[in-house]
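Novice: the following block contains a protein sequence and its predicted model.
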Number of protein chains: 2
Amino acid sequence: MSLNEAFKALSDPTRRQILTLLKEDELTAGEIASHFDMQKPSVSHHLKILKHASLIDDERRGQHIYYSLNTTVFHELMSWYFTFTTKEEK
Amino acid sequence: MSLNEAFKALSDPTRRQILTLLKEDELTAGEIASHFDMQKPSVSHHLKILKHASLIDDERRGQHIYYSLNTTVFHELMSWYFTFTTKEEK
DNA sequence: TAGATATTTAGATAAGTGTCTAACTATCTA
DNA sequence: TAGATAGTTAGACACTTATCTAAATATCTA
């Protein structure tokens, strides 16, 4: 595992918007692509990066591939941020 | 404001390490640079990006410029992540 | 004011990234 | 099995980014 991949994946606005879409419910690659003014291969590229960072999962059902959030890494990221928001007593 | 700058700033490992150093205490640009195997102008470049993202503050005192954490944006980022870690009831 | 120290700015370069079109793979259905 | 639909992979290209060296700016002190 490497949070580094997650941080890099989250640096792109399109990818963060994809994650926001998936917060509501799982979606197929095509449904995700329809939300963007961008060709499908570009969206597919973003999905690949999100998957590589373990921020999403995919599952094929027939002709469709469904994408859904994987919240594990989000929790790890939250922990990382948390250490910055708490004052250290010294 | 734009969290986008913060997300981009955080995508680089060197910059995250700088933030980690500043978690302990404020440091001068030179002290920060001494922690890295990298020329000072490169570190200065990273500091500029972190500052632009409002993740750090700077303050000159004589010949030195002290850098310190600005936790405001960290809190905003935490809020963003939080919405992904809570299940929606529907 | 001259020299030393601290730091940034400028400009160059190599590597990385996001997007596109074209082509390919996988699945379904008539 | 042929055609349609869903999605990815491959390769090219423009733009961005991280790093470097050299030069500039700012401050202190003798």
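Specialist: Perfect, I can see it now.

Novice: can I assume A:Met38 sits in a helix?
Specialist: No: A:Met38 is assigned coil when assessed by DSSP: H, G, I helix; E, B strand; the rest coil, not a helix.

Novice: assign the residue nearest to A:Phe7 when sequence neighbours are not counted to helix, strand or coil.
Specialist: Closest residue to A:Phe7 apart from its sequence neighbours, by Cβ to Cβ, 6 or more residues apart in numbering or on different chains: B:Ser11 at 5.1 Å. C-beta coordinates here come from the backbone N, C-alpha and C atoms, glycine included. The three-state assignment at B:Ser11 reads coil, by three-state DSSP.

Novice: what's around B:Ser11, how many residues?
Specialist: If you count neighbours by other Cβ atoms under 10 Å in any protein chain shown, B:Ser11 ends up with 17.

Novice: check the one 10 residues further on too.
Specialist: Under the neighbour criterion other Cβ under 10 Å, B:Leu21 is assigned a count of 17.

Novice: state the pLDDT value of A:Ser2.
Specialist: With respect to pLDDT, A:Ser2 scores 87.

Novice: got it, and A:Thr86?
Specialist: A:Thr86 is assigned a predicted lDDT (pLDDT) of 82.

Novice: for the strand or helix carrying A:Glu31, buried residues please.
Specialist: Per DSSP states H and E, A:Glu31 falls inside helix A:29-33. For helix A:29-33, the neighbour count (16 or more other Cβ atoms under 10 Å in any protein chain shown) marks A:29, A:32-33 as buried.

Novice: need the residues you listed in CSV with pLDDT and distance to B:Gln39, can you?
Specialist: Below are these laid out as CSV (pLDDT from 0 to 100; distance: Cβ to Cβ, whole Å):
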residue, pLDDT, distance to B:Gln39
A:Ala29, 98, 44
A:Ile32, 98, 42
A:Ala33, 98, 43
